[in-house]
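Undergrad: Pasting the sequence and the predicted model now:
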Amino acid sequence: MNLIPPAGWADVATTADLAAEIAGLRGAVAAGFAEVRGESKAQIAGLRADIAEELASVRSDLLRTFGTWLFASQAGVIAAVAVLSSVLR
């Protein structure tokens, strides 16, 4: 106790002082979480938009590829029927 510098009762923290400090810290932490939550929601919305755009592109590519293969296969069938028809006559 001899090593502690002399202080008066005005330098001692009260329960009300600690409660006020804790309330301030809670507010700061809540504000920080709200900011992080808002940023996260914005990033997730951006990712959803990017994924939707990419899926639309893939869908378009698949439909184009399917149409090409369908047309090519039908042309092949018609050509095969024409060859068989000419050979069997």
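TA: Ah, there it is. Numbering: from 1, shown residues only.
Undergrad: Where does the prediction get shaky in this structure?
TA: Applying pLDDT under 70 to the chain picks out residues 1-2, 6, 8-11.
Undergrad: Now with 80, please.
TA: Residues of the chain meeting the criterion pLDDT under 80: 1-13, 89.
Undergrad: Helices along that one, start to end?
TA: Using DSSP state H, the helices of the chain run over 15-88.
Undergrad: And the residue nearest the centre of it?
TA: residue 44 (3.2 Å; C-alpha atoms, centre = their mean).
Undergrad: I'd like to know how far it sits from residue 85.
TA: 60 Å (C-beta to C-beta, to the nearest Å). C-beta here means a position set from N, CA and C on the backbone, and glycine is covered the same way.
Undergrad: Residue 25 now?
TA: 88 Å.
Undergrad: Please apply the same query to residue 73.
TA: Note on residue 73: its distance to residue 85, by C-beta to C-beta, is 18 Å.
Undergrad: same deal with residue 31?
TA: Residue 31 is 81 Å from residue 85, by C-beta to C-beta.
Undergrad: who's in contact with residue 15?
TA: Listed by C-beta atoms under 8 Å, 6 or more residues apart in numbering, residue 15 has no contact partners.
Undergrad: From residue 29, how far off is it?
TA: For residue 15, the distance to residue 29 - C-beta to C-beta - is 21 Å.
Undergrad: Same check on residue 17?
TA: 19 Å.
Undergrad: and if you look at residue 47?
TA: Taking C-beta to C-beta, one finds residue 47 at 26 Å from residue 29.
Undergrad: what does residue 82 give?
TA: Distance, residue 82 to residue 29, using C-beta to C-beta: 78 Å.
Undergrad: Give me the distance between the residue nearest to the centre of the chain and residue 37.
TA: 11 Å.
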